[in-house]
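Peer 1: Show me the folded form of this:
(6 chains)
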Protein chains: 4
Amino acid sequence: MTQAAQRPLRADARRNRERVLEGAREVFAEHGRDAQMDDVAKRAGVGVGTVYRHFPTKEALVAALAVSLFEKVLQAGRDALEHEDPWEALTNALWTGGETLSSDRAFTEIVGQAEVPFSPELQTEMYEVYSTLLDRAKASGDLRPDIVMDDIPMFMCGIGMATVKPHCCPNAWRRHLTVLIDGLRADNASGPLPS
Amino acid sequence: MTQAAQRPLRADARRNRERVLEGAREVFAEHGRDAQMDDVAKRAGVGVGTVYRHFPTKEALVAALAVSLFEKVLQAGRDALEHEDPWEALTNALWTGGETLSSDRAFTEIVGQAEVPFSPELQTEMYEVYSTLLDRAKASGDLRPDIVMDDIPMFMCGIGMATVKPHCCPNAWRRHLTVLIDGLRADNASGPLPS
Amino acid sequence: MTQAAQRPLRADARRNRERVLEGAREVFAEHGRDAQMDDVAKRAGVGVGTVYRHFPTKEALVAALAVSLFEKVLQAGRDALEHEDPWEALTNALWTGGETLSSDRAFTEIVGQAEVPFSPELQTEMYEVYSTLLDRAKASGDLRPDIVMDDIPMFMCGIGMATVKPHCCPNAWRRHLTVLIDGLRADNASGPLPS
Amino acid sequence: MTQAAQRPLRADARRNRERVLEGAREVFAEHGRDAQMDDVAKRAGVGVGTVYRHFPTKEALVAALAVSLFEKVLQAGRDALEHEDPWEALTNALWTGGETLSSDRAFTEIVGQAEVPFSPELQTEMYEVYSTLLDRAKASGDLRPDIVMDDIPMFMCGIGMATVKPHCCPNAWRRHLTVLIDGLRADNASGPLPS
DNA sequence: TATGAATGAGCATTCATTCAT
DNA sequence: GATGAATGAATGCTCATTCAT
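Peer 2: Just a heads-up that it's a prediction; the model follows:
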């Protein structure tokens, strides 16, 4: 009942929340983290007040944006787990994740800043999914054995960086990732990674 | 004599300029490009006016910082040209350049933003030096033949990114570069780079 | 209805705009163009931000002030056109305009500086109204025939100047204008004006 | 002796003082009271320190400028006393004073600001000279009898104002003064001045 | 004594956030 | 709830003045 009474409102609110997030994505992609809340509101077609109703601070809005991207990368990992071949699975995750990141300048800006708070659940699942991918690829002998979970975001950020530079060809990140993946192969390792 | 009479003033001013640059380097490294001019002044132990005497705007100060790093990377390239072995030369340049970049969060912040105006001379020399390094390494068959000059800054930025993430171990960028370099070897190329 | 629903906001904003203009008028009258935006805000009883919402820069605020006075002077001219007697009409315009100018030190400050941008429409109407006044008074033989439109602001500024000098009696400008008007009579012309 | 020993220095210093004043005159004429001390120094070909050696504050420098003009106007009055004809004498003073003022935008700017402190001696002599001119012209029946000493600076400022407006013809102030002088004639007075 | 580099209070302007409508 | 006008702390920059050389 209460549910029934509230649903219309919630649908409205949810739609608004989405519009704000979408507007924020666009505006942050264009202007980086210097984008202004007023511009987000304008792009979303709502008043600033509405932005603040859904996200208490600018920081919270940025965090929400980060989470939404984080989740896409996580999903890329989950999907990749389906692949039989461990190396195929890992590289698939990296390519899909790269695609996501490269399409969103905001992400790099955001992750470039410290302290983006992802929920423990999200982090745990991320850790588990990607650890599994890494472990399998190590077990099959395809992946350098000393790669660790913490190296992954670092690689991903490199990709994001490739996206930011405006003079690069749109494939820049793909070149970057190609080299990186070749470097990840166990066979190609010139030696152990510094620890 | 006239020289001796003039030098003290200039020496003082030059010293102050250095102090400002050094202070700026520290402050920007700590707070990124949001660092405040007043803080730069405080760190340098001078008044804000002095900062502005040497650098007309915040933008100019940041640019000066970028140039000073750019020149270090260029120097790394020049030095590397001395090496007999082409592959040795290239990787040496990358390692030395990486060392420079990784020690300075500001650089990544700066390069992450578009429009850093380096002088044409600087850019030209940079291009020539690194092109030579690449060409030699390609000629000797060590480097993937389809690597181009434009890929270099992209790789470097990836390194910078590795430095920014605060939770990474101090060797993070070295792990990144190790993988990258292994991926650059002609022998390890799984295929051509997307163009 | 929709009107009624929207008006309150606009009415509020408009009221605030007026308060800002009024505050600015007072503060600029007191401190000249060196008056500070914060003081304008304080006098208007609003935050600085509100001042800036209505006038994007200090310059724009000053210009708005100038326009508002300019319009009063124009209105003085329009009203004067009603008078039958051409000389009566002209002197009336001058007296009324003088009254306006003398009450506002800011205007003199502003006009004393070059480059006050009045809209072409405003300037055109000003020109037409005062030219008519002059032509009529010349035609009736009351006014010196070689007076031209460009002389008018000059005379007016003289009045403004009389107002600025703080040691003058409040009637100073009236003494000034009295002499001036007597000098404008065709009968009193000792010779042609230098061109 | 001490005198003899100091004179060379004084000559130097006096020359510098003049250079500063001259530079200030030029710079204030160009940029009005917003002119900067550094610019004055540059124009005078000296360091700022030297400007400050001769004039303790910007205010003092501006005052000195005002005094120098004030003295020219005073001199114009003194010279005019030589004329036999009282009306000739008065108008001559006005024309010569006008010439001086009109050549110096700075003066208007300066006098436009309140509180320019002239020495009592200067003020007294000014008062005496011009009062004499006025009294003689009243006695001969040429000048409106209710003109008082305080009206003079006001008229002069009107002239200064005519000079400031950049779009006016160079003779603008002469037109203004012509009208004014015609208005000063006793015969042309339409009535008493408001008091 | 002259110089001009250094100083820092002061001011215009911005923008995240609040709150009356 | 939604709106956008209002708020004011924060920040880049200026310029009169000081002082080490």
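Peer 1: What is the least confident helix or strand in chain A?
Peer 2: In chain A, no helix or strand scores lower on mean pLDDT, DSSP states H and E than helix A:105-112, which sits at a mean of 66.
Peer 1: Any chance you could list what contacts the next helix or strand after that helix?
Peer 2: Helices and strands here follow DSSP states H and E; after helix A:105-112, the next one along the chain is helix A:120-139. For helix A:120-139, contacts defined as C-beta atoms under 8 Å, 6 or more residues apart in numbering or on different chains pick out A:67, A:70-71, A:73-74, A:77-78, A:80-81, A:86-87, A:89-90, A:93, A:118, A:143-145, A:147-149, A:152, A:186. C-beta coordinates here come from the backbone N, C-alpha and C atoms, glycine included.
Peer 1: and if you look at stretch A:20-29?
Peer 2: A:35, A:39-46, A:50-51, A:54-55, A:61-62, A:64-65, A:68, A:104-106, A:109-110.
Peer 1: could you give the mean pLDDT of it?
Peer 2: Mean pLDDT, stretch A:20-29: 91.
Peer 1: for stretch A:79-86, same thing?
Peer 2: Averaging pLDDT along stretch A:79-86 gives 96.
Peer 1: mind exporting that stretch as CSV, just the C-alpha atoms?
Peer 2: Presented in CSV, the C-alpha positions along stretch A:79-86 are these (Å, rounded to 0.1, in the frame of the first residue of the first chain):
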residue,chain,number,x,y,z
ASP,A,79,31.1,-12.0,-18.1
ALA,A,80,34.7,-13.0,-18.8
LEU,A,81,34.5,-15.8,-16.2
GLU,A,82,32.3,-17.7,-18.7
HIS,A,83,35.1,-18.2,-21.1
GLU,A,84,36.7,-21.7,-21.1
ASP,A,85,40.2,-20.5,-22.0
PRO,A,86,41.8,-18.7,-19.0
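Peer 1: Return the set of buried residues in that stretch.
Peer 2: By neighbour count on 16 or more other C-beta atoms under 10 Å in any protein chain shown, the buried set for stretch A:79-86 is A:80, A:83, A:86.
Peer 1: ranges for the helices of chain A?
Peer 2: All helices of chain A, identified by DSSP state H, fall at A:2-31, A:37-44, A:48-54, A:58-80, A:86-102, A:105-112, A:120-139, A:151-164, A:172-184.
Peer 1: could the ones you listed go into JSON lines alongside distance to B:Asn171?
Peer 2: Shown next, in JSON lines, are these (distance: least, C-beta to C-beta, whole Å):
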{"stretch": "helix A:2-31", "distance to B:Asn171": "31"}
{"stretch": "helix A:37-44", "distance to B:Asn171": "38"}
{"stretch": "helix A:48-54", "distance to B:Asn171": "41"}
{"stretch": "helix A:58-80", "distance to B:Asn171": "24"}
{"stretch": "helix A:86-102", "distance to B:Asn171": "21"}
{"stretch": "helix A:105-112", "distance to B:Asn171": "20"}
{"stretch": "helix A:120-139", "distance to B:Asn171": "18"}
{"stretch": "helix A:151-164", "distance to B:Asn171": "11"}
{"stretch": "helix A:172-184", "distance to B:Asn171": "16"}
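Peer 1: By mean pLDDT, show me the worst of these.
Peer 2: Among those, helix A:105-112 scores lowest, at a mean of 66.
Peer 1: At the contact with DNA strand F, which residues of chain A appear?
Peer 2: Residues of chain A lying close to DNA strand F by C-beta under 7 Å from any atom of the strand are A:9, A:12-13, A:16, A:46-50, A:52-53.
Peer 1: how about 6 Å then?
Peer 2: Within chain A, the residues that sit near DNA strand F (C-beta under 6 Å from any atom of the strand) are A:9, A:12-13, A:16, A:46-50, A:53.
Peer 1: now those: which count as buried?
Peer 2: A:16, A:46, A:50.
Peer 1: what's the domain layout of chain A?
Peer 2: When chain A is parsed with automatic domain parsing, its domains come out as A:1-55, A:66-188.
Peer 1: before we move on, back to that, quick check: which of the helices of chain A is nearest to D:His176?
Peer 2: D:His176 sits nearest to helix A:37-44 of all the helices of chain A, at 50.7 Å, using C-beta to C-beta.
Peer 1: Mind checking if the closest one is in reach of DNA strand E?
Peer 2: Yes: on the criterion C-beta under 6 Å from any atom of the strand, helix A:37-44 is in touch with DNA strand E at A:Met37.
Peer 1: quick one on the thing from earlier: of the residues of chain A next to DNA strand F, closest to D:Ala172?
Peer 2: Nearest to D:Ala172 among the residues of chain A next to DNA strand F, with distances taken as C-beta to C-beta, is A:Val48, at 52.1 Å.
Peer 1: how about the closest one, what does it touch?
Peer 2: Contact partners of A:Val48, counting by C-beta under 8 Å, 6+ apart, are A:37-38, A:41.
Peer 1: I'd like to know how far it sits from A:Glu82.
Peer 2: Separation of A:Val48 from A:Glu82 (C-beta to C-beta, to the nearest Å): 43 Å.
Peer 1: again, but for A:Gly183
Peer 2: A:Gly183 is 25 Å from A:Glu82, by C-beta to C-beta.
Peer 1: just A:Pro192 next, same as before
Peer 2: 31 Å.
Peer 1: near chain C too, which of the buried ones among the residues of chain A next to DNA strand F?
Peer 2: Applying C-beta under 8 Å from any C-beta of the partner chain to these, one finds that nothing falls near chain C.
Peer 1: closest to B:Gly97 among these?
Peer 2: Distances from B:Gly97 to these, taken as C-beta to C-beta, are shortest for A:Val46 (46.2 Å).
Peer 1: any idea of the pLDDT on that closest one?
Peer 2: The per-residue pLDDT reported for A:Val46 equals 95.
Peer 1: I figured it hits A:Glu18, correct?
Peer 2: No: with contact defined as C-beta atoms under 8 Å, A:Val46 does not reach A:Glu18; the gap is 11.1 Å.
Peer 1: Let me see the contact set for the nearest residue to A:Ser119 once chain neighbours are set aside.
Peer 2: Nearest in space to A:Ser119, with sequence neighbours left out and distances taken as C-beta to C-beta, 6 or more residues apart in numbering or on different chains, is A:Val67 at 7.7 Å. By C-beta under 8 Å, 6+ apart, A:Val67 lies in contact with A:118-119, A:122.
Peer 1: now A:Ile159
Peer 2: Applying C-beta under 8 Å, 6+ apart, we find A:Ile159 in contact with A:98, A:101-102, A:173, A:176-177, B:158.
Peer 1: Out of those residues, who's the most crowded?
Peer 2: Ranked by neighbour count (other C-beta atoms under 10 Å in any protein chain shown), those have B:Gly158 at the top, with 30 neighbours.
Peer 1: Show me just the buried residues among the contacts of A:Val48.
Peer 2: In the contacts of A:Val48, burial by neighbour count holds for A:37, A:41, counting by 16+ other C-beta under 10 Å.
Peer 1: can you redo the contacts of A:Val48 as CSV with distance to C:Leu133?
Peer 2: Below are the contacts of A:Val48 laid out as CSV (distance: C-beta to C-beta, whole Å):
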residue, distance to C:Leu133
A:Met37, 53
A:Asp38, 48
A:Ala41, 52
